[in-house]
Every structure is written in structure tokens, then in C-alpha cells.
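> What shape does this take:
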Amino acid sequence: MIRSPTYSSPISWWSLRREFSAGWRLKVSALLVSSLVGGLLAGGLCGSIGMLCYRLRLMTMAFAMAHAALAGSALALAAGSEATSTAMILALATAMVLGPLADRFGIPLDLMSMILFSTYNALTFIFIVLSPGPALMTESVGQLLWGSILAIRPGYIAALSAAVLASAVFLALFWGRINPILFDPRLAEAEGVNVKLYRYAILLLAGVITTLTLRLTGGFLVFSLLYLPAASSLQLQSSMKKLVLSAWAIGSASAAAGLGLSFLLDLPAGSCIAIAAAIIFLGSAAYSRMRAWSGVEGP
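Numbering: from 1, shown residues only. So this is what the prediction gives:
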């Protein structure tokens, strides 16, 4: 037994260890809960918006916006400013100028998206090199490139919750207009639907969601939560509303499973999320093929 220099009551090393262990377990539990909640929200958002972008043929544009957000985060790292706001500004600006730029230069929208993607990718590495200190060894750069569960804070969860609410309200209010566009944009336009307006609204929403998800997955792997849940959903569902809801559920499951693996194995969060999403896709494809072999009609 030893005596505390402040108090006269004896203190055992075992009691100190027990108190430390209890406090550590509490912190770990809080981190796991916040990671799970953040993963469920971010994964669901990415999965559902990825399905909408796929149906509207906006995948290459979403790809360019994601790299715009990545370049914005790298710029903030080099300038010592707040990353999320800078990334959001650049991603939304890209969404707004993509169409006019393509029209101005007379080239397809997909090609203009890939031009911007290449430019943003180059700028990202330039900004990383210009950031102060040993840039490639810093925690900030690691979080920027491949994500981190330590980036999930209460403020981040609040921002994701606001994005979920905004997305749900938008889809609930305008689903009657969006649904025909998802089936056939030309037919919807012939019926008087402003297809371009809704396409750009969804593109702006994708920019916000992609920017928020960067903290979780990192810039190079955010596409795994846009593409893989959508691909998995296509193996399981056929109804448009069910496709979007299924992509939400698969995205949430992928993010939650990946974050759990990241925590247990001490591996990058983005990589684990991508692997989890790929495994779910393989399982969905196998299930769909088994149904076809057994003669069961499609979903």
C-alpha cells in the first residue's frame, strides 16, 4: 500500500488501475457509439444519393465533385483553415459550373467532369506538399486521404443529421417529379418536368453529402460508398423507391461494418469500409444469381 501525498487514506495500485480501466472503457464505448451513429448516417446518405446519381447518369460528375472536395480539404490543410467549409465551397462551386463550362467549350459533360477530376487530383497533391511540417506524416493528411474514426465528433454527427433531414424533406416533397426522371428523363421532360433543375439539385445535394463523408472514408475511397451500395441494391430490388431505400440500408451497413473492422484491427477507416461494401456486393450478386438459378422471379 502507498499513501497519497495529498490525502491520508491509503491507495492501492489495483484501485488506481481499476479506475483508469473504467474510464478508458467509457471513452472507448463513447467513441464506438459515435462512430456507429456517424457511419450509419454517412453510409446511408452516400448509398441513396449514389443510386440517384447512377439513375440520372451523374456518376462522373459526382466523381469530379468528390475530388473538388478533396482538393478543398488539402487547400485548407496547407492554409491552416477549416477543412469542411473550404471543401464544401469548392464542391458546390464545381457542381454549379460543370454544366456552363461544358456548354461553353462544346464538349460532353462527362469529359468536362474528368478534366476537372484530373485538375483537382493534381492540386490535392500540390497542396499536401505545400502544407506546413512533414505533411505526409501528419494525422491530418492521413484523415484526408483514408479517413479516421477519430474524426467523428458530435458536431460532425449534427451536420450529418441535418443532411439526412434535408435529403428526406427534398425527396418527400419532390418525389413525384423526381421519380419520372429516374425512369426516363426524356419522357419526363416531354411531360413538362424541368429535368435540368432537378438534376442539378441532386448534384448539389451529392456535393454536400460527399464533402461530409470525406472525414469518414477519406478522399480516395469515398466512391466506395457511392457506387458499391448502388450496385448491391440493383442486385436485390427493381422498384425505384426500394432501390433508393435498399441502397441507404446497404450503405449504412457497409459503413458500420467497416468502422468496426477499423477499430478492431487498427486499419484505415476508408479501406475497411470499402472492403465491407465490396463483400456485401459479392453477397448480393451471389444471392441474385442463386435466385435466377432456382427459377425465382427477380426482385
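> hey, let's count contacts and neighbours off CA atoms from now on
Fine.
> Can you show me the strands along this protein?
For the chain, applying DSSP state E gives strands covering 2-3, 10-11.
> center of the chain - which residue?
Using CA atoms, centre = their mean, the residue of the chain that lies closest to the mean C-alpha position is T213, 3.3 Å off.
> Once you drop chain neighbours, what's closest to it?
Taking CA to CA, 6 or more residues apart in numbering as the measure, T213 lies nearest to A42, with 5.8 Å between them; neighbours along the chain are not counted.
> May I have the residues that are in contact with that neighbour?
Residues counted as contacts of A42 (CA atoms under 8 Å, 6 or more residues apart in numbering) are 160, 209, 212-213, 216, 251-252, 255.
> between these, which has the most around it?
Of all the contacts of A42, G251 has the most neighbours under the rule other CA atoms under 10 Å, reaching 36 neighbours.
> Now for that one: which residues touch it?
G251 makes contact with 40, 42-48, 225, 229, 277 under the criterion CA under 8 Å, 6+ apart.
> Let me know the pLDDT of it.
Each residue has a pLDDT score; the one for G251 is 94.
> wait, isn't Y198 in contact with I178?
Yes. In terms of CA atoms under 8 Å, Y198 counts as a neighbour of I178; the distance is 7.0 Å.
> which of those two has more neighbours?
Neighbours around Y198 and I178, counted as other CA under 10 Å, are more numerous at I178. The numbers are 22 against 16.
> and the gap between that one and M61?
For I178, the distance to M61 (CA to CA, to the nearest Å) stands at 18 Å.
> ok, the nearest residue to I275 once chain neighbours are set aside - how many residues close by?
Residue nearest to I275 in three dimensions, not counting chain neighbours: G258, with 7.2 Å by CA to CA, 6+ apart. Close neighbours of G258, defined as other CA under 10 Å, add up to 26.
> Tell me who's in contact with G258.
So, once contact is read as CA under 8 Å, 6+ apart, G258 ends up touching 269-277.
> picking up where we left off before, Throw the contacts of G251 into CSV and include distance to L245 and pLDDT, thanks.
Shown next, in CSV, are those (distance: CA to CA, whole Å; pLDDT from 0 to 100):
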residue, distance to L245, pLDDT
L40, 13, 91
A42, 14, 90
G43, 12, 91
G44, 9, 93
L45, 10, 93
C46, 12, 92
G47, 9, 93
S48, 7, 94
L225, 14, 88
P229, 10, 94
A277, 16, 94
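> Low-confidence ranges, the stretch 1-150 of the chain, go.
1-31, 133-146, 148-150 (pLDDT under 70).
> Let me know the distance separating the residue nearest to I275 from R104.
On the measure of CA to CA, G258 and R104 end up 42 Å apart.
> G80 versus H67, what's the distance?
For H67, the distance to G80 (CA to CA) stands at 19 Å.
> Which one of the two is surrounded by more residues?
For H67 against G80, the residue with the higher neighbour count under other CA under 10 Å is H67, and the figures read 30 against 11.
> in terms of contact, does the more buried one touch T119 like I think?
No. Applying CA under 8 Å, one finds H67 not in contact with T119, separated by 9.0 Å.
> So I209 versus T124, what's the distance?
Distance, I209 to T124, by CA to CA: 19 Å.
> Let me fix that, I meant to ask about S254.
From S254 across to T124, the span is 27 Å (CA to CA).
> So those two - more neighbours on which side?
Between S254 and T124, S254 has the larger neighbour count (other CA under 10 Å), namely 31 against 22.
> any idea how far A285 is from that one?
For S254, the distance to A285 equals 15 Å [CA to CA].
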